[in-house]
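**Q** this is a predicted model, with the sequence first.
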Amino acid sequence: MVDMIIETLKESAIHIDTLLKTHKGGYLQSTNTSGDTQLEVDVKADKILEEALLELPCVKGICSEEQAELHYSAYQDAPYIVAYDPLDGSSLIDSNLSVGSIFGIYNQKLSAQALIASGYIIYGPALEIVIAQEQVLHYHYNGNIWQNLGALELKKKGYINAPGGTQKHWEAKHKTLIESLFAQGYRLRYSGGAVPDLHQILIKGGGLFSYPATSDAPQGKLRKLFEVFPFAFIYEKAGGEASTGTQRILDLEVGHIHESTPCFFGSLEEMKLVRNIYE
Ligand code: AFP
């Protein structure tokens, strides 16, 4: 049944990619629950996913970053709830940088422990999708079919440092962490889109992505259900770790569906350094 959801996400990816490549529309008057001003393409991508997923008899409900509440389907006995961010990084669209869709497939309830698969679509020079179940599989769309490019695995240590958040609002210990990575020769790679930034670390085999607690955003910026849990699941399945600095992400509870959390994703060596500095 999860395969049906994954096939539907692959089909929706092709529609959203076409939308992004052909559409030129600006901002709407509306904002979403997180207070972000919505682009017309945010709303359209959301509709594409919502309509496709709600048709599936195995989907009990959907929960979108662009919508205030969980939306139940007609299939109340179905097992899965799909939580997704239809277009993450949409503020990068006007500069023509890569953006993505992120999704988590939850069994019966929206909790980190109920996550059974997750992934993301990346709309870049190529259209790709990464899906984590037991392995983290990477697919490329060749204009006709989805080709499996194989499993993504993190090495124990990488060389990329992707530090999110405004530096003047970082805590002293976070500055220490980031400076220590640069002092070891890590390279800065940060676009401002979680999908391309976290994808690059997976493709290059390792590194650290951080979006810490800051004085202007004490709970970080990235949302648990739509960004943080799906990527935590992916990074763990790829042989890395994901934490808040002091706690494993996939042990966190969820209060409100739009709740955010500080987060760190990386390969084992970098995550050890995060623990040493944060704990
Ligand atoms: P937008 O969807 O508003 O572009 O935000 C993207 C995002 O949620 C995530 O993809 C990035 O990692 C993060 O924000 C970047 O935030 P900063 O610009 O504060 O570094």
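**A** Yep, it's here.
**Q** and the gap between the residue in the stretch 1-150 of the chain that the ligand sits nearest to and Glu227?
**A** Evaluated by C-beta to the nearest ligand atom, the stretch 1-150 of the chain has Ser91 as its residue closest to the ligand, separated by 3.4 Å. C-beta coordinates here come from the backbone N, C-alpha and C atoms, glycine included. As for Ser91, its distance to Glu227 is 14 Å (criterion: C-beta to C-beta, to the nearest Å).
**Q** and if you look at Leu268?
**A** As judged by C-beta to C-beta, Leu268 and Glu227 stand 22 Å apart.
**Q** so between those two, which is more surrounded?
**A** Neighbour tally, Leu268 and Glu227, criterion other C-beta atoms under 10 Å: the higher count belongs to Glu227, 27 against 14.
**Q** partner strands of the one helix or strand Ile131 maps to, with direction?
**A** Taking DSSP states H and E as the definition, one finds Ile131 inside strand 127-132. Strand 127-132 pairs in its sheet with strand 115-123 (antiparallel), strand 136-141 (antiparallel), by DSSP bridges.
**Q** residues of stretch 171-183 that come out buried?
**A** For stretch 171-183, burial by neighbour count (16 or more other C-beta atoms under 10 Å) applies to His174, Leu177, Ile178, Leu181.
**Q** quick one: the closest residue to the first one other than its chain neighbours from the ligand, how far?
**A** Once flanking residues are discounted, His174 sits nearest to Pro212: 4.8 Å by C-beta to C-beta, 6 or more residues apart in numbering. Look at Pro212 and the ligand: by C-beta to the nearest ligand atom, to the nearest Å, they are 11 Å apart.
**Q** quick check: Pro212 touching Glu171?
**A** Yes. Taking C-beta atoms under 8 Å as the definition, Pro212 is a contact partner of Glu171 at 7.0 Å.
**Q** which neighbours do the two share?
**A** Common neighbours of Pro212 and Glu171, using C-beta atoms under 8 Å, 6 or more residues apart in numbering, do not exist here.
**Q** what parts of the stretch 51-200 of the chain come near the ligand?
**A** Near the ligand, the residues belonging to the stretch 51-200 of the chain are Asp88, Gly89, Ser90, Ser91, Leu92, Gly164, Gly165, Gly192, Gly193, Ala194 when assessed by C-beta under 6 Å from any ligand atom.
**Q** flag the shaky bits of the stretch 101-250 of the chain, pLDDT-wise.
**A** When the per-residue scores of the stretch 101-250 of the chain are filtered using pLDDT under 70, no range remains.
**Q** need the phi and psi values for the residue nearest to the spatial centre of the chain.
**A** Residue closest to the average C-alpha location in the chain (C-alpha atoms, centre = their mean): Glu227, at 3.7 Å. Geometry field for Glu227 lists phi and psi as phi -130, psi -50, criterion degrees, to the nearest 10.
**Q** in contact with it, which residues are there?
**A** Taking C-beta under 8 Å, 6+ apart as the definition of contact, the neighbours of Glu227 are Asp85, Asp88, Ile102, Ala194.
**Q** out of those, name the ones that lie in strands.
**A** Within the contacts of Glu227, membership in strands is found for Asp85, Asp88, Ile102, as judged by DSSP state E.
**Q** how near is the residue nearest to the centre of the chain to Trp146?
**A** In terms of C-beta to C-beta, Glu227 sits 23 Å off from Trp146.
**Q** need the contact list for the residue of the stretch 151-279 of the chain found nearest the ligand.
**A** For the stretch 151-279 of the chain, the residue positioned closest to the ligand under C-beta to the nearest ligand atom is Ala194, at a distance of 3.4 Å. Taking C-beta under 8 Å, 6+ apart as the definition of contact, the neighbours of Ala194 are Asp88, Gly89, Gly100, Ile102, Phe209, Tyr211, Leu222, Glu227, Phe231.
**Q** hmm, try it at 10 Å
**A** Taking C-beta atoms under 10 Å, 6 or more residues apart in numbering, we find Ala194 in contact with 85, 88-89, 99-100, 102, 120, 162, 164, 209, 211, 221-222, 226-228, 230-231, 263, 265.
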